[in-house]
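Peer 1: Sequence and predicted structure are below.
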Amino acid sequence: MNDEEISVEAILDHYRNPHNYGKLESSNASFTEFNPICGDTVHIQLSIADGTIQDARFVGRGCSVSQASASMLTDLLKGKKVEFLESMTEPEFLGILGIKVGPAREKCALLSLTAAKKAVKGAT
């Protein structure tokens, strides 16, 4: 198996067995992002204390790329400083996913990152 095949398997595994799926009881930052083109939805909830993301969860519906990227992002964010999320660029996140996505799927792949950044921006 080459790296691309391994990454595709990881995406499919996160889609079939999403990590951190479900509602977070004690979130203080949340946002729902919707892709009107394909209908994918991701609702990100974060629990932030002292500038650190203590917990991250999501619920959503959509394609394997949008849901797997939300699963991977919530894994990545736990224990990280809010600044880590705020400074993450779209190309960096796409690189973390490990697969090449075409222009039609890029919005799907970035849905969770967009929602998480908006959640942090709206948090008090």
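Peer 2: Received the coordinates, thanks. Residues are numbered from 1 along each chain as shown.
Peer 1: Run through the strands of this protein in chain order.
Peer 2: Assigned by DSSP state E, the chain shows strands spanning 29-34, 41-49, 52-61.
Peer 1: how close does the spatially closest residue to Asp55 that is not a sequence neighbour get to Ile96?
Peer 2: Leaving aside its sequence neighbours, Asp55 sits nearest to Ser47 (C-beta to C-beta, 6 or more residues apart in numbering; 4.2 Å). All C-beta spots, glycine's among them, are computed from the backbone N, C-alpha and C. Here Ser47 is placed at a distance of 22 Å from Ile96 (C-beta to C-beta, to the nearest Å).
Peer 1: give the contact list for the residue nearest to Asp55.
Peer 2: Neighbour list for Ser47: 24, 26-29, 53-56 [criterion: C-beta atoms under 8 Å, 6 or more residues apart in numbering].
Peer 1: now swap in Glu86 and tell me
Peer 2: Under the criterion of C-beta under 8 Å, 6+ apart, the neighbours of Glu86 are 117, 120.
Peer 1: Show the average pLDDT along stretch 117-124.
Peer 2: The pLDDT scores in stretch 117-124 average 85.
Peer 1: I should have written stretch 103-111 there, sorry.
Peer 2: Mean pLDDT, stretch 103-111: 90.
Peer 1: List the buried residues for it?
Peer 2: Residues of stretch 103-111 classed as buried by neighbour count (16 or more other C-beta atoms under 10 Å): 105, 107-111.
Peer 1: Return the entry from the contacts of Ser47 with the maximum number of neighbours.
Peer 2: Ala56 (28 neighbours; other C-beta atoms under 10 Å).
Peer 1: Against Cys38, how distant is that residue?
Peer 2: The value you get for Ala56 to Cys38, if C-beta to C-beta is used, is 23 Å.
Peer 1: Can you check which helix is longest in this structure?
Peer 2: Identified as the longest helix of the chain according to DSSP state H is helix 103-122.
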